[in-house]
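**Student:** Everything below, folded, please.
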Amino acid sequence: MSVVDSGPNPTGIINRVMALITQPRAEWERISTEPATVQSLFLGYGVILAAIPALAALIGNLIFVHIIPLALISAIVTYVMSLASVFVFGIILEMLAPSFDAQKDRVQAMKVAVYGSTGTWVGGILGIIPFIGWVGAIVGGLFTLYLIFVGNPIVMRPPAEKASTYTIVALVVSFVVNLIMGMIAGAI
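**Tutor:** Take a look at the predicted model:
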């Protein structure tokens with residue numbers, strides 16, 4: 001049963017994070033067959049983990065920079081953009097699926113996007129110390145890429161010979177879309 005079906009469950013979330021870190025292939029196999037909804041994935045996991053980098057950066061900025069309005073606005077934008085980019089990545093995975101003979105299933109695509117983002121969100125804890133936050137961003141981002149490369153073939157089930165290309169194309173399209181979203185958010 002999914003750790004997110006009945007809403008946030010701190011023990012279930014911690015267990016899921018630890019399993020994705022220590023045994024990702026086995027955890028992706030479990031994830032692929034769990035019942036879920038887009039809402040349960042985001043409310044039971046995504047909104048909680050996405051808060052880690054935003055809150056860490058907020059605390060770090062308040063301690064080291066002392067500019068409260070700017071730190072608060074930055075944390076809110078970081079949080080909203082994180083969730084938006086994960087949702088967009090899930091939509092991109094779903095839309096590209098038929099081109100790579102993968103299953104076109106929104107919930108499965110969102111599983112890859114939400115659970116795949118675990119590395120970035122957990123790595124964001126280092127944002128509590130602004131001058132080393134970049135280390136968490138890089139390490140977390142690389143681990144997120146690893147999780148997506150491991151999980152996408154298991155969850156979306158493209159043929160083996162198309163799995164890597166599907167994942168790379170989805171990541172590149174997502175990067176471009178998120179870059180545009182970031183520029184728009186920055187302009188606002």
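
**Student:** Check which residues of stretch 30-47 are buried.
**Tutor:** 31-32, 36, 38, 40-42, 44-46 (16 or more other CB atoms under 10 Å). Using the backbone N, CA and C atoms, a C-beta is placed for each residue, glycine as well.

**Student:** For that stretch, give the mean pLDDT please.
**Tutor:** The average pLDDT within stretch 30-47 is 96.

**Student:** list the helices and strands the host helix or strand of A163 packs on?
**Tutor:** For A163, the enclosing helix or strand under DSSP states H and E is helix 160-187. When contacts are defined as 3 or more CB pairs under 8 Å, 6 or more residues apart in numbering; DSSP states H and E, helix 160-187 packs onto helix 68-96, helix 133-156.

**Student:** One more pass at 10 Å, please.
**Tutor:** Secondary-structure packing of helix 160-187 (3 or more CB pairs under 10 Å, 6 or more residues apart in numbering; DSSP states H and E): helix 68-96, helix 106-116, helix 133-156.

**Student:** Generate JSON lines for those helices, with mean pLDDT as supplementary columns.
**Tutor:** Formatted as JSON lines, these follow (pLDDT from 0 to 100):
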{"stretch": "helix 68-96", "mean pLDDT": "91"}
{"stretch": "helix 106-116", "mean pLDDT": "97"}
{"stretch": "helix 133-156", "mean pLDDT": "94"}
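
**Student:** List just the one of those that sits closest to A26.
**Tutor:** Each of these has some distance to A26 by CB to CB; the shortest is helix 133-156, at 9.9 Å.

**Student:** picking that back up, please flag which of the buried residues of stretch 30-47 sit within helices.
**Tutor:** 31-32, 38, 40-41 (DSSP state H).

**Student:** tell me which of those residues is nearest to Q23?
**Tutor:** The closest of those to Q23 turns out to be I31 (CB to CB; 11.8 Å).

**Student:** Could you verify my assumption that that closest one touches M156?
**Tutor:** No: look at I31 against M156 with CB atoms under 10 Å: they stay out of range, at 11.5 Å.

**Student:** any idea how far A36 lies from M18?
**Tutor:** Distance of A36 to M18, given as CB to CB, to the nearest Å: 19 Å.

**Student:** can you check V139 too?
**Tutor:** Applying CB to CB, the value for V139 to M18 is 17 Å.

**Student:** Let me know the secondary structure of the most far-flung residue of the chain relative to its centre.
**Tutor:** Farthest-out residue of the chain from its mean C-alpha position, per CA atoms, centre = their mean: H66, at 28.9 Å. Secondary structure, DSSP: H, G, I helix; E, B strand; the rest coil: H66 is coil.
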